[in-house]
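Undergrad: Mind folding the following:
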Amino acid sequence: MAGMMIWTMLLLLVAVLWASRHSNITRSRREQPALTSTTFTGPPNDPPLLSVLIAAKDEEANIETAVRTMLAQDYPNFELIVINDRSDDRTGEILDRLVEEDSTNRLRVVHVTSLRDGWFGKNNAMREGVEVAKGDWLCFGDADCRQTSDATLSTAVRFALERKIDLLSVLPKLENVTVWERIIQPVCGSVMLLWFNPRDVNNPKHESAYANGAFMLMTRGCYQAIGGHERVRTEVNEDMHMARITKESGLRLHVVDNEDLYTVWMYTTLSAIWRGWSRIFYGCFGTFRRLRRTMIMLTVANVFPYASFLIAMSVLVSRGFVEAGVAWQLVGAAAAIAIISQQAVVVRLYRVIRVNPWWAPTFVVGAVICIGMVASAMLKLKGRATTTWRGTTYRADKVAQA
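TA: A predicted model of the protein is given here:
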């Protein structure tokens, strides 16, 4: 009987923890409002020269959209440098055509044909791009980004200048198109938010540091002070490490969400989602302690209530609600309360990230898959598993070209 009461109390505790997330969401949106295309009315006065750098490897499906939407920006003083990183598809061909068609003369393409020993591909490509960049500010982005506003650069630069920010990361809106994206990515995003709360990241006194490589804007002085990509040449998640070094160096780090500036379509298939997020968890968390805590959190907050409800209901149905006893009735009721509490928060979260709330019941499925990806990240950390990403194979901290 004591065990059943403990079981019930744990489920009610989970319900309370989920309910507390409502205040966190409200507080976060109040204290950390997202940047929008209407946050400012135009670019800053006397805008500094900005170099936008995008690394692309085998991105023939995305690169033209990324380039054209970036060239359409209303920021008056920028250059766009796209680094074709050893692509085997039509990426290089598309980029060369876009250069010829560019009437603004802002676009420059750098073709990388080999990878330096001991370098991660994207880091090496960005290093090559910085070598030819002329800007006082540098903006690093990804080839799968689509600017949904022509004011993205103006808004970000003006925000950074007015707040005296050294490294600003504007977080992306994820395009959840496929079934697996809608099931898995909201869970993964919520895990990242729990570990890297923007309120903590933006607090200079807090050790939490985070940045998303889809959009990292920094002064050249900041880039040089943190050692550039040379400092993170063997890191899988270079954005996270650059953010950490920035904060440790006493420079100002800031992350902010975006409402309508740009989107990212990260992965489309289940296998790509598995590989991609396993790599992100491995690179971002970096320790068994954090990965274990993430796995426990996902299990207790999501799997535990549903498993408890199924067990309790099977007993109540098979034995009869009265015959099964009050203890099983309490477990079933507490599990139901925990599930309802979870779903209320998830529905609200989905509205914030623009995923149809009807997908909220699949959150537990995404959590189970996410647990598997965390386990995969733990294996990578221990060196028992490898990651192949964009033609390069990584094993723990070692890099070898595939």
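Undergrad: What's opposite the residue lying closest to residue 69 once chain neighbours are set aside in the beta bridge?
TA: Of all residues not flanking residue 69 in the chain, residue 147 sits nearest, at 3.7 Å (C-beta to C-beta, 6 or more residues apart in numbering). In this view, the C-beta of every residue, glycine as well, is placed from N, C-alpha and C. Under DSSP bridges, the beta-bridge partners of residue 147 are residue 262.
Undergrad: Number of residues surrounding residue 147?
TA: 21 (other C-beta atoms under 10 Å).
Undergrad: quick one: pLDDT of it?
TA: pLDDT recorded at residue 147 is 96.
Undergrad: tell me which element residue 21 falls in.
TA: Residue 21 belongs to helix 2-31 when assigned by DSSP states H and E.
Undergrad: Tell me which other helices or strands that helix touches.
TA: Helix 2-31 sits against helix 198-201, helix 304-319, helix 326-352, with contacts defined as 3 or more C-beta pairs under 8 Å, 6 or more residues apart in numbering; DSSP states H and E.
Undergrad: Where among those helices is average confidence lowest?
TA: helix 198-201 (a mean of 89).
Undergrad: On the C-terminal side of that helix, identify the next helix or strand.
TA: strand 215-219.
Undergrad: domain ranges for this protein?
TA: For the chain, automatic domain parsing gives the domain ranges 1-31+179-195+269-386, 35-172+212-266.
Undergrad: Need the distance between the two termini of the longest one.
TA: Same thing as domain 35-172+212-266. 21 Å (C-alpha to C-alpha, to the nearest Å).
Undergrad: Show me what counts as buried in the helix holding residue 21.
TA: By 16 or more other C-beta atoms under 10 Å, the buried positions in helix 2-31 come out as 7, 8, 10, 11, 12, 14, 15, 17, 18, 19, 21, 28.
Undergrad: circling back to that earlier point, redo the domains of the chain as a markdown table? Include distance to residue 205.
TA: Listed next are the domains of the chain as a markdown table, based on distance: least, C-beta to C-beta, whole Å:
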| stretch | distance to residue 205 |
| --- | --- |
| domain 1-31+179-195+269-386 | 16 |
| domain 35-172+212-266 | 10 |
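Undergrad: Can you tell me which of those domains is nearest to residue 203?
TA: Minimum separation from residue 203 across the domains of the chain (C-beta to C-beta) falls at domain 35-172+212-266, 9.7 Å.
Undergrad: Could you check how far the closest residue to residue 88 other than its chain neighbours is from residue 128?
TA: Ranked by C-beta to C-beta, 6+ apart and with sequence neighbours excluded, the top spatial neighbour of residue 88 is residue 58, at 6.0 Å. Distance, residue 58 to residue 128, by C-beta to C-beta, to the nearest Å: 17 Å.
Undergrad: what stretches of the stretch 251-400 of the chain score poorly on pLDDT?
TA: Within the stretch 251-400 of the chain, the stretches with pLDDT under 70 are 383-400.
Undergrad: again, only using 50
TA: 394, 396-400 (pLDDT under 50).
Undergrad: residue ranges for the strands of this structure, please.
TA: For the chain, the strands defined by DSSP state E occupy 50-56, 78-85, 107-112, 137-142, 145-147, 167-170, 173-174, 215-219, 253-256, 262-264, 386-389, 392-395, 398-401.
Undergrad: and stretch 225-245, how far out from the chain's middle?
TA: 16 Å (C-alpha atoms, centre = their mean, to the nearest Å).
Undergrad: pLDDT of it, averaged?
TA: Mean pLDDT, stretch 225-245: 92.
Undergrad: Show me what that stretch is in contact with.
TA: 116, 118-120, 122-124, 126-127, 130, 140, 167, 169, 201, 209-213, 216, 246, 249, 251, 253, 279-280, 282-284, 387, 389, 394, 397, 399 (C-beta atoms under 8 Å, 6 or more residues apart in numbering).
Undergrad: now those: which count as buried?
TA: 119-120, 122-124, 126-127, 130, 140, 167, 169, 201, 209-213, 216, 246, 251, 253, 279-280, 282-284, 387, 389, 394, 399.
Undergrad: What is the burial count for residue 195?
TA: With other C-beta under 10 Å as criterion, residue 195 counts 16.
Undergrad: for residue 151, same thing?
TA: Residues contacting residue 151 under the criterion other C-beta under 10 Å number 23.
Undergrad: what residues are up against the nearest residue to it once chain neighbours are set aside?
TA: Nearest non-adjacent residue to residue 151, counting by C-beta to C-beta, 6+ apart: residue 37, 4.7 Å away. With contacts defined as C-beta under 8 Å, 6+ apart, residue 37 is in contact with 149, 151, 152, 155, 259, 260, 261.
Undergrad: any chance you could read off phi and psi for residue 37?
TA: Dihedral pair for residue 37: phi -70, psi -10, per degrees, to the nearest 10.
Undergrad: before we move on, the earlier item: okay, the angle between the helix holding residue 21 and helix 326-352?
TA: 20 degrees (axes from the mean of the first three to the mean of the last three C-alpha atoms, to 10 degrees).
Undergrad: quick one, helix 2-31 and helix 304-319 angle?
TA: Interaxial angle, helix 2-31 versus helix 304-319 (the same axes, to 10 degrees): 140 degrees.
Undergrad: tell me how far helix 2-31 is from the chain's mean position?
TA: Between the centre of helix 2-31 and the centre of its host chain there is 25 Å, according to C-alpha atoms, centre = their mean.
Undergrad: now for the strands of the chain, which one comes closest to residue 369?
TA: Nearest of these (C-beta to C-beta): strand 173-174, 16.0 Å.
Undergrad: what lines up beside that closest one in the sheet?
TA: Counting by DSSP bridges, strand 173-174 is paired with strand 262-264 (parallel).
Undergrad: What are the buried residues along the partner strand?
TA: Within strand 262-264, the residues that qualify as buried by neighbour count (16+ other C-beta under 10 Å) are 262, 263, 264.
Undergrad: So what's the residue count around the closest residue to the last one other than its chain neighbours?
TA: Of all residues beyond its chain neighbours, the one nearest residue 264 is residue 172 (4.0 Å), with distances taken as C-beta to C-beta, 6+ apart. Residue 172 has 23 neighbours, counted by other C-beta under 10 Å.
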